[in-house]
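> my questions are about this predicted structure, shown below with the sequence.
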Amino acid sequence: MIAGAETTATLIEWVMAEVMQNHDVMEKVQKEFEEIVGLNNMVEESHLPKLKYLDATIKETLRLHPVVPFLIPRSPSQDCTVGGYTVPKGSTILLNVWSIHQDPRYWDNPLDFKPERFLTCLETKKWYNGNNLNFFPFGSGRRLCPGLPLAEKMLMFISASLLHSFNWSLPHGEKHDLCEDFGITLRKKKPLIAIPSQRLSHMNLYM
Ligand code: HEM
């Protein structure tokens, strides 16, 4: 359950929180929906490959909030040396993806939420294959997340449906709070409460 459901639900909560906090991103995401889907339509699977800015927004969310922040623990079967450090056989190794994703040696202004940084690379599939060791939210090597193809589809479909169908606001008097709670998964410390309002042109599209 943690592998498939909690990771996806947690990431969608982060996408919503980041997009609601960053008004410029919300505007760009919504403009893309207007062009590709239209306010007279619901999102369909055929729209997903065309939603490039939303795809970049999801990647940027996975960069800042990788929901499995330390991957699955590794343990070498024999003594080895990595980057000049001796790693004894049998030791437990946690890879801190969260920290690598915010490392200024690999990312410009790493704490800024900027989906544009993922728009420049045309080979979008390359980002998730685990060989790009400054961005690997689905892990790497033989333990790479086997749910990746399903997760990619679900993340796009669910976030697109939520963001295209509704405008979202915080409850009156609430402020954005993006504090993180570290565990096996990286959750929002304070769950997001967001209020939807109609965005599509006709009520009957929601039936
Ligand atoms: C936002 C969505 C998801 C993210 C970010 C994610 C991320 C990850 C990561 C980082 C790992 C560890 C990889 C490693 O240590 O190299 C993993 C493992 C795993 N994931 Fe996912 N995952 C997601 C969704 C899913 C879904 C939808 C499924 C199944 C339907 C799934 C099934 C699994 C399983 C079974 C493992 C364990 C694989 C093993 O032990 O070798 N995940 N996932």
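On my side now, so go ahead.
> mind listing residues that contact stretch 177-187?
2, 6-7, 10, 13, 17-18, 21, 65-69, 98, 188-190 (C-beta atoms under 8 Å, 6 or more residues apart in numbering). (C-beta placed from N, C-alpha, C; glycine too.)
> drop anything exposed from these.
7, 10, 13, 17, 18, 65, 66, 67, 68, 69, 98, 188 (16 or more other C-beta atoms under 10 Å).
> save those as CSV, and put in pLDDT and secondary structure too.
Formatted as CSV, the buried ones among the contacts of stretch 177-187 follow (pLDDT from 0 to 100; DSSP: H, G, I helix; E, B strand; the rest coil):
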residue, pLDDT, secondary structure
7, 95, helix
10, 97, helix
13, 98, helix
17, 98, helix
18, 98, helix
65, 98, coil
66, 98, coil
67, 97, coil
68, 97, coil
69, 97, coil
98, 97, helix
188, 97, strand
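> pull out whichever of those are also neighbours of the ligand.
7, 67, 68 (C-beta under 6 Å from any ligand atom).
> what distance do you get for the residue nearest to the first one when sequence neighbours are not counted to residue 187?
Among residues not flanking residue 7 along the chain, residue 67 sits closest, at 4.8 Å (C-beta to C-beta, 6 or more residues apart in numbering). With the distance defined as C-beta to C-beta, to the nearest Å, residue 67 ends up 8 Å from residue 187.
> got any residues that touch both of the two?
Contacts common to residue 67 and residue 187, judged by C-beta under 8 Å, 6+ apart, are residue 10.
> chain neighbours aside, what residue packs nearest to the most centrally placed residue in the chain?
Centroid-nearest residue in the chain: residue 62, 3.2 Å away (criterion: C-alpha atoms, centre = their mean). The shortest distance from residue 62 to any non-neighbouring residue, by C-beta to C-beta, 6+ apart, is to residue 137 (4.0 Å).
> could you check how many residues crowd around the one you found?
Close neighbours of residue 137, defined as other C-beta atoms under 10 Å, add up to 26.
> quick one: it and residue 64 touch, right?
No - proximity of residue 137 to residue 64 does not meet the contact threshold set by C-beta atoms under 8 Å, at 10.0 Å.
> from what I can see residue 12 touches residue 160, true?
No - look at residue 12 against residue 160 with C-beta under 8 Å: they stay out of range, at 10.7 Å.
> more crowded one of those two?
residue 160 (25 against 19).
> how about the residues of the protein by the ligand?
Counting by C-beta under 6 Å from any ligand atom, the chain sits next to the ligand at 3-4, 7-8, 11, 67-68, 71-72, 137-140, 143-147, 150-151, 155.
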